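> Here is the input, now give the coordinates:
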Amino acid sequence: MRLGLAKTAALLAAAVLSLLAASAGADGRRAVVLEIDGAIGPAVADYVVRGLKALDPTDTGLVVLRMDTPGGLGSSMREIIRAMLASSVPVAVYVAPSGARAASAGTYIAYAAGIAAMAPGTNLGAATPIQIGGLSPFPGGKPKDDEAERKPAPDDTESRKILNDAVAFIRSLADLHGRNADWAADAVRNAVSLPANEALKQHVVDVIADDLPDLLRKIDGRTALVGGKPEQLQTAGLEIVTLAPDWRVRLLSVIADPNVAYLFMLLGIYGLIFELANPGVILPGLIGGISLLIALFAFNLLPVDYAGAGLVILGVGLMVAEAFIGSFGAIGLAGIAAFAVGSIIMFRGAGPTFGLSLSVVIAATIVTGAFFLLGLALLLRSRRRRVVTGSEAMIGAEGEALEWQGASGRIRVHGEIWQARAAQPLEPGARIRVTGRKDLVLTVEPM
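Numbers count the residues shown, from 1 in each chain. Predicted coordinates for the structure are as follows:
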């Protein structure tokens, strides 16, 4: 009897110790918050991917992507989703604070999360790919009732491919986590959106939470996919730690802005042109070379239409050529037109969140055109000036006869002694004017 009681007491003590150890372990773990605030681009993707890879499941119980985004680049979105699905730590997407949205690419990221949550007063949806966002899937505008059921795809093959790929992608994410796949497809095809309450009712998201502590309480004990395997979450009491973007991410976000990359490209082109026109100045060449390399790095991260970039470079080249060819402005005007058109279409596939600002294009075109007109005006002015060097500069110059015998002698012009000929004899000291030159002999006449 005593032996049985001792065994029972030992088992109870072991159970209590294990519970205390588990509680202590939970208290030492944390919930890491990564902020996605603004358009999703290369800098945001780098920040999220590196943040997810750096997490250790032994001390991190959950990673929360707190998101407020109008969308962004499809390539950056897919980088983030791949990192989320491969993460060894449970990932939750939380659309917050109130008034935030997860539009376009943000909807895909929410569907890829093990836990999808929203704050009251938020919305998500409008996930149509931007390349066909301006096209209506219904000819003639608003669909009829029977057309709305069929939901025909856009007419051109490329748009259908993009649309069907996006639908298949978001459906696969919905099936992976057991969410509403039909609404997800509708969000892609027809750009529909949902507020938080409706998203919860239609099983688009898993929970509505007022703030992060409320989110951790509500998802505690839920099951989510982690690395492709179901795992029960233990999130109650986790310490909330926010990992802010470092200097590398902030620098990348500046460089990867299409407007900044475009200006770096122009600065690089102008710097190299100035250096080639004035060899040995060095500084413009250095600045131009560095700026051009930075621009090429940014273009490698952005969806650049290289036909547009080629038109910009061609336009600058034509304006430079005008200064040397002198076609009365025809080549220069063609260069300005090519420059403007190329600037407009250079980032046309990036959408409004990563497009080139029209005001930047207009300002750059005006400045470039002004430089062209200034160069052309200086060129015309220089052509009207009197020649001051070479054989032509000697014609009309005045001098003095030094020695003379018959039809030839020596004269002084511009401080130099020349052999000279004249149609009539000259007296030493007489003032003369140069009327011609043959080799090293000048033809002169008396003043």
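> what's the spacing between the nearest residue in space to residue 444 that is not next to it in sequence and residue 411?
Take residue 444 and drop its neighbours on the chain: the residue closest to it by C-beta to C-beta, 6 or more residues apart in numbering is residue 432, 4.3 Å away. All C-beta spots, glycine's among them, are computed from the backbone N, C-alpha and C. Counting by C-beta to C-beta, to the nearest Å, the separation of residue 432 from residue 411 is 6 Å.
> anything in contact with each of the two?
Shared contacts of residue 432 and residue 411, defined by C-beta atoms under 8 Å, 6 or more residues apart in numbering, comprise 399-401, 420, 444.
> What's the ChimeraX line that selects buried ones from those residues?
The command below creates a ChimeraX selection of those among the shared contacts of residue 432 and residue 411 that count as buried (16 or more other C-beta atoms under 10 Å):
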select :399,401,420,444
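> Restricted to strands, list the shared contacts of residue 432 and residue 411.
Judged by DSSP state E, the subset of the shared contacts of residue 432 and residue 411 located in strands is 399-401, 420, 444.
> Can you lay out those as TSV showing distance to residue 45?
Putting those into TSV (distance: C-beta to C-beta, whole Å) gives the following:
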residue	distance to residue 45
399	77
400	81
401	84
420	80
444	79
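> Please identify which of those residues is nearest to residue 36.
Proximity of these to residue 36, judged by C-beta to C-beta, is greatest for residue 399, which lies at 81.4 Å.
> just curious, which of the ones in strands among the shared contacts of residue 432 and residue 411 is nearest to residue 438?
residue 420 (10.8 Å).
> Next, work out how far apart that closest one and residue 443 are.
In this structure, residue 420 and residue 443 are separated by 7 Å, where distance is defined by C-beta to C-beta.
> same question, residue 48
From residue 48 over to residue 443 the distance is 83 Å, taken as C-beta to C-beta.
> Repeat that for residue 278.
Residue 278 is 38 Å from residue 443, where distance means C-beta to C-beta.
> Over to residue 330?
When distance is defined by C-beta to C-beta, residue 330 is 41 Å away from residue 443.
> which of the two has more neighbours?
In terms of neighbours (other C-beta atoms under 10 Å), residue 443 is the more surrounded of residue 330 and residue 443; the figures are 14 against 11.
> From what I see, the more buried one and residue 419 are in contact.
No. Counting by C-beta atoms under 8 Å, no contact exists between residue 443 and residue 419, whose distance comes to 10.6 Å.
> which sections of the stretch 1-150 of the chain are below the confidence cut-off?
Under the criterion of pLDDT under 70, the regions of the stretch 1-150 of the chain flagged as low confidence span 1-28, 130-150.
> what's the answer for the stretch 151-300 of the chain, then?
Segments of the stretch 151-300 of the chain classed as low confidence (criterion: pLDDT under 70) are 151-156.
> As a check, name the ranges of all helices in it.
Listed in chain order, the helices of the stretch 151-300 of the chain (DSSP state H, counting those that start in this stretch) span residues 157-177, 181-190, 196-201, 212-219, 247-255, 258-277, 283-301.
> In terms of secondary structure, what does the longest one contact?
It stands for helix 157-177. Counting contacts by 3 or more C-beta pairs under 8 Å, 6 or more residues apart in numbering; DSSP states H and E, helix 157-177 is packed against helix 105-112, helix 181-190, strand 223-226.
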